[in-house]
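>>> No sequence on hand, only this structure:
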């Protein structure tokens, strides 16, 4: 039988397995969880001469490969691949001609950013295994024995603060590793601390492979990343930028105005040399021959590969890395064409098949899927649970149609219509109500203050939603509308958002901004009593939804921190987003995803 689902509520019901399973060798029936992911849909490796000529694919067959680098002797390429499933990152190596492919890691955790030691016997890489946060591990390539270098006392940082370790690089003699880390910094929003998304203050450190001799070599108050050694081992080169620009650098609208410079530091004397100047986002530097340094130019008119000496070339690419002689470069090309609705993803839960969905998914009483088509034009669409038979029931006209919600009987849909994100500061948004087929549109609010994110009460008599105003922030918060007479009552006057009624009607789940700029998950009774805080970590927790039985809550969680240098990410707001689930009282928290990408919007699929 079908169980009712309210606005953006998820179910725990079983669904017969689709014909393809998420992990090789598994064929048992699975339930299905839909989820959204922000990341490229295609990533392929290319090799070219240093000037960009003679470009060719590393592999003839299609794959999902990225973050490649050469061994010192140039014979091997080590890279990250999602060949085991969309979202599951493992490390491989292959000979320079594309032969001899070998998988080096196979843990369900995220493994990435590998670097082979100069003697070819060890590999340093970033992994989320065991600790769940980004640490640097070292593997013996013969025995496959490995250990967590940055979990050692004296290296690991405060677990309540950012505590990630990234981009390890071996010194030429193999006696040192350089890496970037945001350890012991603070969780700080962009825009002078007011923005929802976090900036990232990175420092450059060096340490011996046995964990001794840790030393920070970069200056405080800026973000420095992607270290590499000079050939004589006397200097480390890296990029340096204002911390605020680590937000701009990862967005589609801000990357072209972000600025960084390529800097090197003499390890013994501390003498700093700035190798570049002027505007532009310059990242991932590497010493080549003499004083020449190659680097990525990310965004802008000169996007591609740059050199401090020599011929740059323009190309849409990411993560360039050169052979030791500087004659050959490898990089990836990405395609951001949206994934198809219900595309198979890798599953970290053996009981579930994970599949892609566009945003704000929910199901009607008769099993119809409702979404906002953000991958297209942010309209409202309904379809079958498997993504087929899509119907656009309300088309966007230069404004967002956000967070659609089914009425309990499945005959009506409420949603926000207007301006959201940063545009909400100067423009309004209103609640809309339409019939299931899109007919009889009705404006429930007048657009000011900005209203959105509605959820029906289980009896269908009321809507809870949020209002927001930059001019009168004291009037922000959650409101409840009686649909019979359109009267509105105040539930909260705090910076609250994304309210969702519990299936039994006794509580409303929502996100609250508090304690300066922290976002956490709360519940409250519809009469305004019984406020309960369910999360408390200093990183952001938000976008929470109920399971259909009301016993569990799923949400997007930042507790495990960044898994990559923020400036290297693309088109993403919270690249540290992980889908979590917890009991309704806030206990038993556990992660359901572990990818390098931003994961959110979970929704279990019902079955008839």
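Cool, the structure landed. Not measured: the values here are computed from a predicted model.
>>> ok, now which ones touch residue 393?
Counting by CB atoms under 8 Å, 6 or more residues apart in numbering, residue 393 touches 380-382, 413, 434, 436-438. Where C-beta positions appear, they are placed from N, C-alpha and C, glycine not excepted.
>>> Can you tell me the SS state at it?
Using DSSP: H, G, I helix; E, B strand; the rest coil, the structure places residue 393 in strand.
>>> mind checking the end-to-end distance for stretch 51-60?
Stretch 51-60 has an end-to-end distance of 22 Å (criterion: CA to CA, to the nearest Å).
>>> One more: stretch 417-434?
12 Å.
>>> go on, stretch 384-396?
Across stretch 384-396, first to last residue, CA to CA, it's 21 Å.
>>> Give the rounded mean pLDDT of it.
Average pLDDT, stretch 384-396: 95.
>>> go on, stretch 226-237?
Stretch 226-237 comes out at a mean pLDDT of 97.
>>> Under the pLDDT cut-off, which ranges of the stretch 1-150 of the chain? List them.
1-28 (pLDDT under 70).
>>> any chance you could map the strands in it?
Per DSSP state E, counting those that start in this stretch, the stretch 1-150 of the chain carries strands over the ranges 31-38, 42-49, 56-57, 65-70, 76-81, 90-95, 102-103, 111-116, 122-127, 135-140, 146-148.
>>> can you check the stretch 351-500 of the chain too?
Using DSSP E, counting those that start in this stretch, strands in the stretch 351-500 of the chain cover 352-356, 359-363, 369-372, 380-383, 391-394, 400-406, 412-418, 429-435, 442-443, 450-456, 462-468, 477-482, 488-490, 496-501.
>>> Dump those into TSV; add distance to residue 585 as well.
Converted to TSV, the strands of the stretch 351-500 of the chain look like this (distance: least, CB to CB, whole Å):
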stretch	distance to residue 585
strand 352-356	23
strand 359-363	23
strand 369-372	29
strand 380-383	34
strand 391-394	37
strand 400-406	25
strand 412-418	29
strand 429-435	31
strand 442-443	37
strand 450-456	20
strand 462-468	21
strand 477-482	21
strand 488-490	26
strand 496-501	17
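>>> With respect to residue 249, which of those strands lies nearest?
For the strands of the stretch 351-500 of the chain, the distance to residue 249 is smallest for strand 359-363, at 23.7 Å, taking CB to CB.
>>> just checking, what packs against the closest one?
strand 31-38, strand 369-372, strand 400-406, strand 598-604 (3 or more CB pairs under 8 Å, 6 or more residues apart in numbering; DSSP states H and E).
>>> need these in JSON lines with mean neighbour count and distance to residue 522, can you?
Formatted as JSON lines, those follow (neighbours: other CB atoms under 10 Å; distance: least, CB to CB, whole Å):
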{"stretch": "strand 31-38", "mean neighbour count": "23", "distance to residue 522": "23"}
{"stretch": "strand 369-372", "mean neighbour count": "25", "distance to residue 522": "24"}
{"stretch": "strand 400-406", "mean neighbour count": "25", "distance to residue 522": "18"}
{"stretch": "strand 598-604", "mean neighbour count": "24", "distance to residue 522": "18"}
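>>> To residue 132, which of these lies closest?
So among the helices and strands packed on strand 359-363, strand 598-604 is nearest, using CB to CB, at 13.9 Å.
>>> what does that closest one contact?
8, 10-13, 31-39, 87, 357, 359-363, 543, 545, 547-548, 554, 556, 572-579, 581, 592-593.
>>> let's go with 7 Å and repeat that
Strand 598-604 is contacted by residues 10-12, 31, 33-38, 357, 359-362, 543, 545, 547, 554, 556, 572-575, 577-579, 592-593 when judged by CB atoms under 7 Å, 6 or more residues apart in numbering.
>>> Likewise for stretch 156-163?
Under CB under 7 Å, 6+ apart, the answer for stretch 156-163 is 133, 150, 182-187, 538, 561-562.
>>> Only the buried residues of it, if you could.
156-157, 162-163 (16 or more other CB atoms under 10 Å).
>>> same thing with stretch 372-392?
372-375, 378-383, 385, 387, 392.
>>> likewise stretch 455-474?
Under 16+ other CB under 10 Å, the buried positions of stretch 455-474 are 455-458, 462-469.
>>> same deal with stretch 502-517?
Those would be 502-503, 505, 507-513, 517, for stretch 502-517 by 16+ other CB under 10 Å.
>>> Closest one of those residues to residue 224?
Of the buried residues of stretch 502-517, the one sitting nearest to residue 224 (CB to CB) turns out to be residue 517, at 23.8 Å.
>>> quick one: contacts for the nearest residue in space to that closest one that is not next to it in sequence?
Using CB to CB, 6 or more residues apart in numbering and skipping the chain neighbours, the partner closest in space to residue 517 is residue 189 (4.6 Å). When contacts are counted by CB under 7 Å, 6+ apart, residue 189 touches 195-198, 517.
>>> Residue 564 too?
166, 575, 596 are the contacts of residue 564 under CB under 7 Å, 6+ apart.
>>> Which one of the buried residues of stretch 156-163 is nearest to residue 313?
residue 162 (35.1 Å).
>>> what's the residue nearest to that closest one when sequence neighbours are not counted sitting at in phi/psi?
Excluding its sequence neighbours, the residue lying closest to residue 162 (CB to CB, 6+ apart) is residue 182, at 3.9 Å. Backbone torsions for residue 182, taken as degrees, to the nearest 10, come to phi -100, psi 20.
>>> Could you check the pLDDT of residue 182?
pLDDT at residue 182 comes out at 98.
>>> so it makes contact with residue 198?
No: if you go by CB atoms under 7 Å, residue 182 and residue 198 don't touch, sitting 9.6 Å apart.
>>> re the thing from before, which of the strands of the stretch 1-150 of the chain sits closest to residue 323?
That would be, of the strands of the stretch 1-150 of the chain and by CB to CB, strand 65-70, which comes in at 4.9 Å.
>>> strands paired with the closest one, and their directions?
strand 76-81 (antiparallel) (DSSP bridges).
>>> report the angle between the axes of the partner strand and strand 111-116?
Strand 76-81 and strand 111-116 are oriented at 170 degrees to each other (axes from the mean of the first three to the mean of the last three CA atoms, to 10 degrees).
>>> now strand 76-81, how far from the chain's geometric center?
Computed by CA atoms, centre = their mean, to the nearest Å, the chain-centroid distance of strand 76-81 equals 22 Å.
>>> next one: stretch 478-496
The answer for stretch 478-496 is 32 Å, by CA atoms, centre = their mean.
>>> Return the set of buried residues in that stretch.
478-481, 483, 488, 491-492, 494-496.
>>> just stretch 138-153 next, same as before
For stretch 138-153, by 16+ other CB under 10 Å, it's 138-139, 141, 146, 148-151.
>>> nearest to residue 313, of those?
Distances from residue 313 to these, taken by CB to CB, are shortest for residue 141, at 33.3 Å.
>>> got the contact list for that closest one?
By CB under 7 Å, 6+ apart, the neighbours of residue 141 are 121-123.
>>> returning to that earlier point: using pLDDT, spot the least trustworthy of the buried residues of stretch 455-474.
residue 469 (86).
>>> which residue packs closest to it, ignoring adjacent ones?
Per CB to CB, 6+ apart, closest to residue 469 is residue 449, 3.8 Å.
>>> I figured that neighbour was touching residue 471, is that so?
No: using CB under 7 Å, residue 449 makes no contact with residue 471, being 8.3 Å away.
>>> At which residues are the helices of this structure located?
245-248 (DSSP state H).
>>> which residue is nearest the centroid of it?
residue 598 (2.0 Å; CA atoms, centre = their mean).
>>> Model confidence score at it, please.
At residue 598, pLDDT is 96.
>>> The one 5 residues further on too?
At residue 603, the model reports a pLDDT of 96.
>>> What distance do you get for it to residue 442?
26 Å (CB to CB, to the nearest Å).
>>> One more: residue 205?
Counting by CB to CB - residue 205 and residue 442 are separated by 59 Å.
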